[in-house]
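>>> model the structure of this input:
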Amino acid sequence: MLKVLRYRVYPTKAQKTTMNNTLELCRWTYNETLALRKDAWESEQKNIGYYDSKKMIPEWKKEKPELKTVHSQVLQEVIKRVDLAFQAFFRRVKTGEKAGYPRFRGYGRYDSFTYTQSGFSLDSDRLTLSKIGDIKIKLHRPVEGEIKRLNVRKMPTGKWFVSFLVETDTPLELQKTGLFSRCRRRYQELLNAF
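Numbers count the residues shown, from 1 in each chain. Alright, predicted model coming up:
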């Protein structure tokens, strides 16, 4: 069973600067990938997929060396987001819905980046992110299970959070609050009053 656990992190000023730069470079990569796919279609009627787009990362690193400061899987996940946006666009076109072509992201309109499988580790009160460093994390509940993905998100308030996608063997247990029983009793009382 998969579940998501979200925690607050407390980066230092230098780490916040690095994380904001990572967001900006991810936004740049997103826009470049979108432009690449759009230009290829408009000029040659050629569809560029995920793997062809992913092959452009080394070329982009040559023309924009600061991309080397971002973990490679983070950049690959950005390209995956563009691919998912196009898949959703084509699905809506096929079903006759309002399609909504994928849009370019303006400054400040990209708020998260994702690590998959590697590039991070978790200790008791420290989260280590590749190319960023050790960040203080508030683990208000234990992380149980195998961590599959980690998403770092900047909220509009400026606070930073991480979400772990965790695979566990045990199903999620819901606490019984008795709310349903109380509502059903109250409903019966109201019916009986009429």
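>>> quick one: contacts for Lys80?
Contacts for Lys80 (CB atoms under 8 Å, 6 or more residues apart in numbering) come out as Tyr50. C-beta coordinates here come from the backbone N, C-alpha and C atoms, glycine included.
>>> look up how far Trp60 lies from Leu129.
Using CB to CB, to the nearest Å, Leu129 is found at 21 Å from Trp60.
>>> now do Val166
Taken as CB to CB, the span from Val166 to Trp60 is 32 Å.
>>> before we move on, back to that, and Leu129 and Trp60? Which one has more around it.
For Leu129 versus Trp60, neighbours defined as other CB atoms under 10 Å are more numerous around Leu129 (24 against 17).
>>> so which bits of the longest helix along the chain are buried?
Ranked by residue count, the top helix of the chain under DSSP state H comes out as helix 13-44. By 16 or more other CB atoms under 10 Å, the buried positions in helix 13-44 come out as 15-16, 18-19, 22-23, 25-34, 36-37.
>>> which parts of the protein are helices?
Assigned helices in the chain, in chain order: 13-44, 50-54, 57-63, 72-95, 179-193 (criterion: DSSP H).
>>> any chance of these in JSON lines, plus distance to Ile137?
Below are the helices of the chain laid out as JSON lines (distance: least, CB to CB, whole Å):
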{"stretch": "helix 13-44", "distance to Ile137": "12"}
{"stretch": "helix 50-54", "distance to Ile137": "30"}
{"stretch": "helix 57-63", "distance to Ile137": "29"}
{"stretch": "helix 72-95", "distance to Ile137": "18"}
{"stretch": "helix 179-193", "distance to Ile137": "32"}
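>>> among the ones you listed, which comes closest to Gly108?
Among these, the nearest to Gly108 by CB to CB is helix 13-44 (8.5 Å).
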